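**Student:** just to be clear, the model below is a prediction. Sequence and coordinates:
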Amino acid sequence: MSPESGGATAYLGRVVAVGRTVAGGNAALYRVSSRSFPNRRAVEADGAIAIVPREGPQDDPTRNPYVSYNSVRIAGRWAVAANGTHCDPIAEKLTGGAPPKDALGLTLLTMDYERDHLSTPRIAAVVPSEGEEAWLGIVRADGLQVQAVRLEAGAAVYVATYEASSVTPSQHSDFDAADADEAARFAIEGGAFAAMTHPVASAAALAGSGGFALGTALA
């Protein structure tokens, strides 16, 4: 299923996307959609954005790596977005000089899909601060896919843990944002993302003249 802007709603779970604003800023987007653990937020610290439980009384298991993790990290000229603890090793491989294909493929193959009751896929995105090509990756119980994606102004391409769980150009949305916070907000309520149900929080890295800026949004 690939919800288009204005189309029927769908539950796609967690989503990563790569895109470019109308003005030409490359972006990596991450969105948490959840039925089981909605009491979470995105918090920026030390050049990364972590998904953590909200403050106050709550039932989320704070030490569960499927609930709390870094979702966006900057690695030199690259930004990484991912739905779990694989975000960090992908960023570290990029910092060490590995090409995006290798950083994604090796990490996803090694860590494999999540061993929860849904066999949730691991998904990830890698975007350059400058350049025409980004990467999306997913590892499911039935396979691994790492794919280059051409960046086009005013558009984003996404992959999700459920329903839209293959990398394909048909999973696209219009996209634009003036800053990183707007980019994160777009992943909740803009374009095709608005048709995705159960939003919780989102994070984004948006490239500008000084490199990547980070932004967050709460549903």
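**Tutor:** Received the coordinates, thanks. Note that the structure is a prediction, hence the values are computed from the model and not measured.
**Student:** any idea how far H198 lies from L12?
**Tutor:** Remark: distance between H198 and L12 (C-beta to C-beta, to the nearest Å) = 9 Å. (Glycine included, C-beta is placed from N, CA and C.)
**Student:** can you check T120 too?
**Tutor:** 12 Å.
**Student:** overlap of the contact sets of H198 and L12?
**Tutor:** Contact criterion C-beta atoms under 8 Å, 6 or more residues apart in numbering; residues shared by H198 and L12: S33.
**Student:** so what's the closest residue in space to T161 that isn't next to it in sequence up against?
**Tutor:** Nearest non-adjacent residue to T161, counting by C-beta to C-beta, 6 or more residues apart in numbering: G13, 3.7 Å away. Listed by C-beta under 8 Å, 6+ apart, the contact partners of G13 are 33-34, 120, 160-163.
**Student:** could you do I51 as well?
**Tutor:** 32, 40-43, 67-71, 201, 203.
**Student:** just so I have it, where are all the helices in the protein?
**Tutor:** Shown for the chain, the helices assigned by DSSP state H span residues 87-95, 100-111, 180-189.
**Student:** looking at H198 and L12, which one has more neighbours?
**Tutor:** For the pair H198 and L12, the greater number of neighbours falls to L12 (26 against 15), based on other C-beta atoms under 10 Å.
**Student:** that one reaches Q171, doesn't it?
**Tutor:** No - contact criterion C-beta atoms under 8 Å: L12 and Q171 do not qualify, at 9.3 Å.
**Student:** and for the two, which residues touch both?
**Tutor:** By C-beta under 8 Å, 6+ apart, the residues touching both L12 and Q171 are 160, 164.
**Student:** burial count for E92?
**Tutor:** The burial count for E92: 15, using other C-beta under 10 Å.
**Student:** so the residue nearest to it when sequence neighbours are not counted bridges to which residues?
**Tutor:** Spatial nearest neighbour of E92, chain neighbours left out: A75 (7.4 Å); criterion: C-beta to C-beta, 6+ apart. Note on A75: beta-bridge partners W78, judged by DSSP bridges.
**Student:** can you spell out which helices and strands pack onto the lowest-mean-pLDDT helix or strand in the chain?
**Tutor:** One helix or strand of the chain scores below all others by mean pLDDT, DSSP states H and E: strand 40-45, with a mean of 83. Counting contacts by 3 or more C-beta pairs under 8 Å, 6 or more residues apart in numbering; DSSP states H and E, strand 40-45 packs against strand 48-53, strand 199-208, strand 211-218.
**Student:** strands paired with that strand, and their directions?
**Tutor:** Strand 40-45 has its sheet partners listed here by DSSP bridges as strand 48-53 (antiparallel).
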